[in-house]
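> Make a model of this:
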Amino acid sequence: MLLRCIIFFSICISTQVRGQQILPERQRAEVVDNILKERFDNLLPQLMDKTGFDMWIIISREYNEDPVLKTMLPATWLNARRRTILVFYRNKEKNTIEKLAVARYNFGENIVSAWEKEKQPDQWKRLVEIIEERQPNSIGLNYSEHFNIADGLVKTDYDEFMSYLPKSYKSKIKSAEKLGIAWIETRTETEMVIYNQLIDITHDIIAEAFSEKVITPGITTTTDVEWWMRDKVTSLGLETWFHPTVDVQRTAEELGNHLYAFSNRPEDMVILPGDLLHCDFGITYLRLNTDCQELAYVLKPNETEPPKFLVEALKDGNRVQDIFTSNFETGKTGNQILKESLNMAKDEGLRPSIYTHPLGTYGHSSGTTLGMWDSQSGVPVNGDYPLHEDTVYAIELNTTVSIPEWKRDIRIMLEEAGFWGENGFRYVNGRQTKLLTIPRVKNHQGN
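Just a heads-up that it's a prediction; the model follows:
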């Protein structure tokens with residue numbers, strides 16, 4: 001399956017971003033459905049065994065989809081249809097996984113319809129029949145107090161289901177929080193091959209945005225660059241999952257708070273020589289998301305490289321990254337990793353802030369949270385969730401650096417996708433260790 005997906009992904013050419021190929025819609029659909037089959041057949045049984053469920057029921061209605069169910073939709077389905085009920089039954093002794101849809105339609109090619117309305121007019125009664133035929137020991141439903149993506153079962157559907165469910169099974173109902181999170185956060189080998197290409201596309205778009213092709217100092221504004229990025233993504237047939245932001249740090253400006261890059265940032269700032277530019281940008285493709293922050297310097301006349309003080313500042317940001325990711329360990333909580341990393345960085349004289357989040361089928365995905373910009377002492381509950389293998393994170397952080405030449409502090413803000421697996425931590429497709437320059441200097445590479 002992995003080899004087939006990789007070959008298929010490589011030969012179907014539609015649009016290219018530098019070296020990377022972007023598939024046409026039909027081929028994207030085949031890749032998505034192949035990945036779903038692999039996840040249902042191979043990954044899901046492992047996750048159900050690991051979390052202790054032999055039945056998982058997901059109930060959703062059209063246009064009000066459970067976030068977990070949305071990640072399971074066939075490629076040609078943009079929404080659920082009517083009320084869609086999925087039942088996954090795991091027989092560990094026989095090593096089988098049943099995938100059933102209590103719906104009027106097959107749920108694509110991976111999940112077959114198990115409801116003939118002509119034989120049993122009532123959808124809820126048919127669901128109960130399926131449960132009674134299999135007699136599960138533990139039934140998972142998607143409700144969760146703290147993890148929003150695992151809390152997709154609406155009250156109406158819950159109440160109706162429970163009114164039909166025989167009393168003998170009600171004690172077997174449990175929150176499927178851990179199973180839902182595991183499904184969302186765990187990446188397969190095939191997905192990681194594709195993820196590498198997504199990050200490469202993201203880097204290429206940023207590199208073009210932060211170049212003389214897009215920016216004319218003294219004329220182009222930060223808002224111009226943001227909308228160029230949106231237009232570029234649209235022209236490639238891709239999507240962004242949040243509006244890009246571009247901001248400026250320069251000698252004459254005060255250092256704003258963490259909200260500056262998100263909501264208090266002035267629009268239409270004209271980009272000038274000597275500016276340190278920062279962007280926050282991510283795309284959605286093949287049901288995976290990227291999230292990346294990079295920096296660029298606008299060269300002054302006669303400059304051929306960024307000032308040494310900015311080069312050294314970026315090294316401080318890279319050092320915080322190294323400290324942080326060196327503390328990753330399976331089973332550690334996000335709060336443990338956060339505390340250890342902040343203490344180590346501060347002991348080296350750095351001024352760090354860490355606010356890393358899971359990344360995958362959602363941009364702000366499910367899994368452990370490793371700090372928030374306004375919760376540097378730890379994040380209750382979500383930060384207590386342990387780190388698992390085969391997971392991806394937006395390694396998002398910054399360090400504050402004093403710049404005597406500018407008579408002010410600046411903030412080196414970085415974000416790159418990182419993978420945690422059995423062989424440890426790695427960046428999915430590298431990270432920024434050199435400032436991009438505008439314009440580019442011959443033989444100088446920004447990434």
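> Any regions of the stretch 301-447 of the chain where pLDDT drops low?
Low-confidence segments of the stretch 301-447 of the chain (pLDDT under 70): 442-447.
> what ranges do the strands span in it?
Under the criterion DSSP state E, counting those that start in this stretch, strands of the stretch 301-447 of the chain are mapped to 352-354, 357-358, 391-403, 408-421, 424-427, 436-438.
> How far does the regular element (helix or strand) spanning Gln46 sit from its chain's centre?
In this structure, Gln46 is located in helix 44-51 according to DSSP states H and E. Here the centre of helix 44-51 is set off from its chain's centre by 22 Å, with CA atoms, centre = their mean, to the nearest Å.
> what sits up against that helix?
Defining contact as CB atoms under 8 Å, 6 or more residues apart in numbering, one finds that helix 44-51 is touched by 54, 56, 88, 90, 92, 95, 97, 140, 176, 178-179, 182-183, 186. For every residue, glycine as well, the C-beta is placed using N, CA and C.
> out of the strands of the stretch 301-447 of the chain, deepest packed?
strand 357-358 (a mean of 26; mean count of other CB atoms under 10 Å).
> Show me what that strand is in contact with.
Outside of strand 357-358, the residues within contact range by CB under 8 Å, 6+ apart are 184-185, 364-370, 391-394, 396.
> Tell me which of the strands of the stretch 301-447 of the chain sits nearest to Tyr297.
strand 436-438 (5.6 Å; CB to CB).
> Pairing partners for that closest one, with directions?
In its sheet, strand 436-438 lies beside strand 292-298 (parallel), with partners assigned from DSSP bridges.
> who's in contact with the partner strand?
Under the criterion CB under 8 Å, 6+ apart, residues 199, 202-203, 206, 210, 215, 217, 271-282, 306-307, 310, 314, 396, 412-417, 432, 435-438, 446-447 lie in contact with strand 292-298.
> Show the buried residues in those residues.
Buried members of those, scored by 16 or more other CB atoms under 10 Å, are 199, 202-203, 206, 210, 215, 217, 271, 274-282, 306-307, 310, 314, 396, 412-417, 432, 435-438, 446.
> Can you identify each of the helices in the protein by residue range?
Shown for the chain, the helices assigned by DSSP state H span residues 2-11, 25-38, 44-51, 67-70, 123-134, 155-164, 167-170, 177-185, 189-209, 222-235, 308-326, 334-347.
> want to throw these into a markdown table with distance to Asp384?
Conversion of the helices of the chain to a markdown table gives the following (distance: least, CB to CB, whole Å):
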| stretch | distance to Asp384 |
| --- | --- |
| helix 2-11 | 34 |
| helix 25-38 | 30 |
| helix 44-51 | 17 |
| helix 67-70 | 21 |
| helix 123-134 | 33 |
| helix 155-164 | 26 |
| helix 167-170 | 29 |
| helix 177-185 | 13 |
| helix 189-209 | 26 |
| helix 222-235 | 36 |
| helix 308-326 | 18 |
| helix 334-347 | 6 |
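> Between those, which one is closest to Asn382.
With respect to Asn382, and counting by CB to CB, the nearest of the helices of the chain is helix 334-347 at 7.3 Å.
> what comes up buried for that closest one?
If you call a residue buried by 16+ other CB under 10 Å, then helix 334-347 has these buried ones: Gly334, Asn335, Gln336, Ile337, Leu338, Lys339, Glu340, Ser341, Leu342, Met344, Ala345.
> so Val102 touches Ile85, yeah?
Yes: when contacts are counted by CB atoms under 8 Å, Val102 is listed as touching Ile85 (3.8 Å).
> what's the overlap in contacts for these two?
With contacts taken as CB under 8 Å, 6+ apart, the residues that reach both Val102 and Ile85 are Gln123, Leu127.
> Quickly list the domain ranges of this protein.
Per automatic domain parsing, the domain ranges recorded for the chain read 2-183, 188-438.
> residues contacting Lys94?
Taking CB under 8 Å, 6+ apart as the definition of contact, Lys94 has no neighbours.
> now swap in Thr222 and tell me
Thr222 touches Val246, Asp247, Val248, Arg265, Glu267, Asp268, Met269, Ile271, Leu277, counting by CB under 8 Å, 6+ apart.
> Do I have it right that Gly383 meets Gly334?
Yes: between Gly383 and Gly334 a contact is recorded at 4.2 Å, counting by CB under 8 Å.
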